[in-house]
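Peer 1: Got a predicted structure plus its sequence, pasted below:
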Amino acid sequence: MSTNTENKNKTVSTPEDYLEELVSIKLFRDGGRYRDNVYVAVNGQNCIIKRGEWVKVKRKFAMVLDASEIQDMKTAQMIEAEEKKFQTAESKLA
């Protein structure tokens, strides 16, 4: 996900104001798995984000997408590490 923060010189008075600020994001789009719009929900509020175009969303939704992407990367790393451990153990048995 690409993020372009706007209102750089604007003062934010509360954490809630910060989370409500609009930011521009662009979600990856391809013809396969990443072609559908993305539904995001935060504390009972939700939005649908179109892929492949720059759109403005509240920062809280962008932060949830960032956290999800980080979790996906950590999961992929863990799976890769477990596969290596399994292959090592399997080769010792053969």
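Peer 2: Nice, thanks for sending it over.

Peer 1: Output stretch 27-44 in CSV, but only the C-alpha positions, please.
Peer 2: Extracted in CSV, the C-alpha atoms of stretch 27-44 (Å, rounded to 0.1, in the frame of the first residue of the first chain):
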residue,chain,number,x,y,z
LEU,A,27,-3.9,-0.2,-3.0
PHE,A,28,-2.2,-2.7,-5.3
ARG,A,29,-4.3,-4.1,-8.0
ASP,A,30,-3.8,-7.0,-10.4
GLY,A,31,-6.0,-9.2,-12.5
GLY,A,32,-6.0,-12.0,-10.0
ARG,A,33,-6.1,-12.2,-6.2
TYR,A,34,-5.8,-8.4,-5.7
ARG,A,35,-8.6,-7.1,-8.0
ASP,A,36,-11.5,-6.6,-5.7
ASN,A,37,-12.2,-3.6,-3.5
VAL,A,38,-11.2,-3.8,0.1
TYR,A,39,-13.6,-3.6,3.0
VAL,A,40,-12.1,-2.1,6.2
ALA,A,41,-13.8,-1.7,9.6
VAL,A,42,-12.6,0.2,12.7
ASN,A,43,-14.7,0.3,15.9
GLY,A,44,-18.0,0.0,14.1
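
Peer 1: buried residues in stretch 13-25?
Peer 2: Residues of stretch 13-25 classed as buried: 19, 21, 23, 25 (neighbour count, 16 or more other CB atoms under 10 Å). C-beta here means a position set from N, CA and C on the backbone, and glycine is covered the same way.

Peer 1: I meant stretch 38-56, not that one.
Peer 2: Buried residues in stretch 38-56, counted by 16+ other CB under 10 Å: 40, 49, 51, 55.

Peer 1: I'd say the third one and residue 32 touch.
Peer 2: Looking back up the chat, that one is residue 51. No: with contact defined as CB atoms under 8 Å, residue 51 does not count as touching residue 32 (11.7 Å).

Peer 1: got CSV for the buried residues of stretch 38-56, with distance to residue 70 too?
Peer 2: What follows is the buried residues of stretch 38-56, written out as CSV (distance: CB to CB, whole Å):
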residue, distance to residue 70
40, 15
49, 17
51, 19
55, 21
